[in-house]
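Undergrad: what follows is a predicted protein model with its sequence.
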Amino acid sequence: MKKTNIPFFLSLSLFILLLVGFAPQVLAERVYLDITASDVRKVVVAIPDFQDQKTGAPDGTTGRMMADLLGRALEFHGFVRVVDPKSYGTTSDVNWTDYGVDYVVRGQFNRTGRELVVEGRLQDIAENRMLAGRRYKGAAVQQDDMVLRLADALVKEFTGEPGISRTSIAYVSDETGAKEVFLGDVMNRGRRQITRHKHLCVSPRFTPDGNFLAYTTYHRANQDLYITDLRQSKVTRSLSRRKGMNLAPAFSPDGKTMVMTLSKDGSPDLYLLTREGKIIKRLTSRMGINVSPSFSPDGKTMVFVSDRSGQPQLYLMNMSSGKVQRLTFEGKENSEPSWSPKGDQIAYTGRVGGRYHIFTIDPKGGRPTQVTSEWGDFESPTWSPDGKQLVFARRRNGHSEICRIFSNGKGMQVLFSLKGNQSYPRWSSRPK
């Protein structure tokens, strides 16, 4: 990949201006879409080519690329269907009701030297009025990022919550001959290799701000924990190189502490550490194998896996009192929990009928819900920042790839089509 002077997480020089907003009385009446409802109809959106402000006409290359990326980003969220622009000639002078269109995105751009301005406004066809508008200004090389910012702003207009078009997935791939950590955005555009240890790397974990990525590697003949600054590509440092396991940290929501599995004293137990890797206290003590911690969004509770009952099951720990209670009782093997950003569900891997599938369960307990049902093994679930989608690894016929599905079990698809095998996915938070 060609290198530029623009960092992976774009500079703060990119700024956002709200052009047109809702009037207070409109805001009060706004009813947002529940895109997880089983009977929701997809919103039909048309996105003509973005117009060049200098010529006042659609641009056949840049404008089409912007419209295409915006359309893919909106459709990624699952509740939007973008009308094929070929059906209306990509222009904006159309009777949109003939195409069953609910909304039209009116986009335009202005390029001056290395500077670019991208604007987009949302038109409600049924009510024949313009709704929200956004204007983004930055370096020309930030074109895609500005378009995706627009997509996330439009998702917020529909649902009340910003979109996730600019988020990324960290995962492990063996395409180089060794299992290394890679990072790619959900639109399958930018992609880069994070580790180059030429040894087994597993369990990437983002810090809450998304700026750092921790992972476990065996390149020193021990299961050591490292962390790298994703805003550049040079600074990587060790967090824990204690003898034995140094595995898969869960960062607290405030990012100041982390919980991880250490086996320095023999048994694999959970420890609370500072962000720098200094042990604060031991959380479990010789009660079987204790692994895979995940914090609740408020940081008050942690879910983890333990075989203290004889088989791997999910347990909850109160972080203040240390009190532990069992969460899962169905299934003989439950592991890899991931707490939803909404706090209302915990996703995990469960073994059923000789296969691994993704389940969700209410943190208060009760019957779990099986999310995946197709043939194969489904492992390592991780939530989208909006709590509406799950990404996981699917294994079939000895091949592993990254897939996504909505929490209601619909819309499963392969997220990336890549060389080799991919595993251990982890979804980032929304970038600033």
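TA: Okay, I see it. Numbers count the residues shown, from 1 in each chain.

Undergrad: quick one: the residue lying farthest from the centre of the chain from residue 49, how far?
TA: Distance to the chain centre peaks in the chain at residue 55, reaching 38.1 Å (criterion: C-alpha atoms, centre = their mean). To residue 49, residue 55 is 12 Å away according to C-beta to C-beta, to the nearest Å. Every C-beta, even on glycine, is put in place using the N, C-alpha and C of the backbone.

Undergrad: before we move on, back to that, please tell me how far the residue farthest from the centre of the chain sits from residue 152.
TA: Taking C-beta to C-beta as the measure, residue 55 and residue 152 are separated by 28 Å.

Undergrad: ok, residue 284 next?
TA: For residue 284, the distance to residue 152 (C-beta to C-beta) stands at 39 Å.

Undergrad: quick check: residue 71 is in a helix.
TA: Yes - assessed by DSSP: H, G, I helix; E, B strand; the rest coil, residue 71 belongs to a helix.

Undergrad: tell me which residues touch it, please.
TA: Applying C-beta atoms under 8 Å, 6 or more residues apart in numbering, we find residue 71 in contact with 45, 47, 82.

Undergrad: which residues does the last one bridge with?
TA: To tie it back to what came earlier, the one meant is residue 82. When assigned by DSSP bridges, residue 82 has beta-bridge partners residue 45.

Undergrad: tell me who's in contact with it.
TA: Residues in contact with residue 82 (C-beta under 8 Å, 6+ apart) are 45-47, 71, 74-75.

Undergrad: try it again with 7 Å
TA: 45, 47, 71, 74-75 (C-beta atoms under 7 Å, 6 or more residues apart in numbering).

Undergrad: what's the ChimeraX line that selects buried ones from the residues you listed?
TA: To isolate the buried members of these in ChimeraX, using 16 or more other C-beta atoms under 10 Å:
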select :45,47,71,74
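
Undergrad: columns distance to residue 399 and pLDDT on top of the contacts of residue 82, output as TSV?
TA: As requested, the contacts of residue 82 are exported to TSV (distance: C-beta to C-beta, whole Å; pLDDT from 0 to 100):
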residue	distance to residue 399	pLDDT
45	35	97
47	35	96
71	30	98
74	30	98
75	26	97
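
Undergrad: now the contacts of residue 82 in TSV, with distance to residue 429?
TA: Converted to TSV, these look like this (distance: C-beta to C-beta, whole Å):
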residue	distance to residue 429
45	26
47	27
71	25
74	21
75	22
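
Undergrad: among the contacts of residue 82, which two are most distant?
TA: Across the contacts of residue 82, the longest distance by C-beta to C-beta is 10.4 Å; it joins 47 and 75.

Undergrad: report the mean confidence score over the helix or strand containing residue 153.
TA: In this structure, residue 153 sits in helix 143-159 according to DSSP states H and E. For helix 143-159, mean pLDDT is 96.

Undergrad: could you give me the buried positions within that helix?
TA: Going by neighbour count (16+ other C-beta under 10 Å), the buried part of helix 143-159 is 143-155, 157-159.

Undergrad: hang on, the earlier thing: gap between the residue farthest from the centre of the chain and residue 156?
TA: Residue 55 sits 31 Å away from residue 156, taking C-beta to C-beta as the criterion.

Undergrad: surely residue 178 meets residue 202?
TA: No - using C-beta atoms under 7 Å, residue 178 makes no contact with residue 202, being 11.7 Å away.

Undergrad: tell me what residue 294 is bridged to.
TA: Note on residue 294: beta-bridge partners by DSSP bridges are residue 303.

Undergrad: which stretches of this protein have low pLDDT?
TA: 1-40, 57-59, 90-92, 233-234 (pLDDT under 70).

Undergrad: tell me where it has helices.
TA: With helices called from DSSP state H, the chain shows them at 24-29, 62-76, 143-159.

Undergrad: what would the ones you listed look like in a markdown table with distance to residue 261?
TA: Below are the helices of the chain laid out as a markdown table (distance: least, C-beta to C-beta, whole Å):
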| stretch | distance to residue 261 |
| --- | --- |
| helix 24-29 | 47 |
| helix 62-76 | 34 |
| helix 143-159 | 35 |
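
Undergrad: for residue 348, find the nearest of the ones you listed.
TA: Between residue 348 and these, the tightest spacing by C-beta to C-beta is seen for helix 62-76, at 24.5 Å.

Undergrad: make sure residue 426 is actually in contact with residue 203.
TA: No - the criterion here is C-beta under 7 Å, and residue 426 misses it with residue 203 at 8.1 Å.

Undergrad: just grab the bridge partners of the residue positioned nearest the centre of the chain for me.
TA: Most central in the chain under C-alpha atoms, centre = their mean is residue 427, positioned 3.4 Å from the mean C-alpha point. Taking DSSP bridges, one obtains residue 169 as the residues bridged to residue 427.

Undergrad: neighbours of residue 198, just the number please.
TA: Residue 198 has 12 neighbours, counted by other C-beta atoms under 10 Å.

Undergrad: just give the closest residue to it, not the sequence neighbours.
TA: Using C-beta to C-beta, 6 or more residues apart in numbering and skipping residues adjacent in sequence, the residue nearest residue 198 is residue 178, 4.9 Å away.

Undergrad: any idea how far residue 110 is from the residue lying closest to residue 390 once chain neighbours are set aside?
TA: Spatial nearest neighbour of residue 390, chain neighbours left out: residue 381 (5.0 Å); criterion: C-beta to C-beta, 6+ apart. Taking C-beta to C-beta as the measure, residue 381 falls 43 Å from residue 110.

Undergrad: show me the residues around residue 416 that make contact.
TA: By C-beta under 7 Å, 6+ apart, residue 416 lies in contact with 184, 188, 402, 422.

Undergrad: one more: residue 98?
TA: With contacts defined as C-beta under 7 Å, 6+ apart, residue 98 has no neighbours.

Undergrad: gap between it and residue 87?
TA: For residue 98, the distance to residue 87 equals 10 Å [C-beta to C-beta].

Undergrad: does residue 207 touch residue 256 like I think?
TA: No - Residue 207 is beyond contact range of residue 256, at 10.2 Å (criterion: C-beta under 7 Å).

Undergrad: looking at these two, which is more packed in?
TA: Shown here are residue 207 and residue 256; by other C-beta under 10 Å, residue 207 has more neighbours (20 against 11).

Undergrad: who's in contact with the more buried one?
TA: Taking C-beta under 7 Å, 6+ apart, we find residue 207 in contact with 251, 255.

Undergrad: that one and residue 168, how far apart?
TA: From residue 207 over to residue 168 (counting by C-beta to C-beta), the distance is 13 Å.

Undergrad: with residue 407 instead?
TA: Separation of residue 407 from residue 168 (C-beta to C-beta): 20 Å.

Undergrad: with residue 362 instead?
TA: On the measure of C-beta to C-beta, residue 362 and residue 168 end up 29 Å apart.

Undergrad: could you do residue 210 as well?
TA: Distance of residue 210 to residue 168, computed by C-beta to C-beta: 8 Å.
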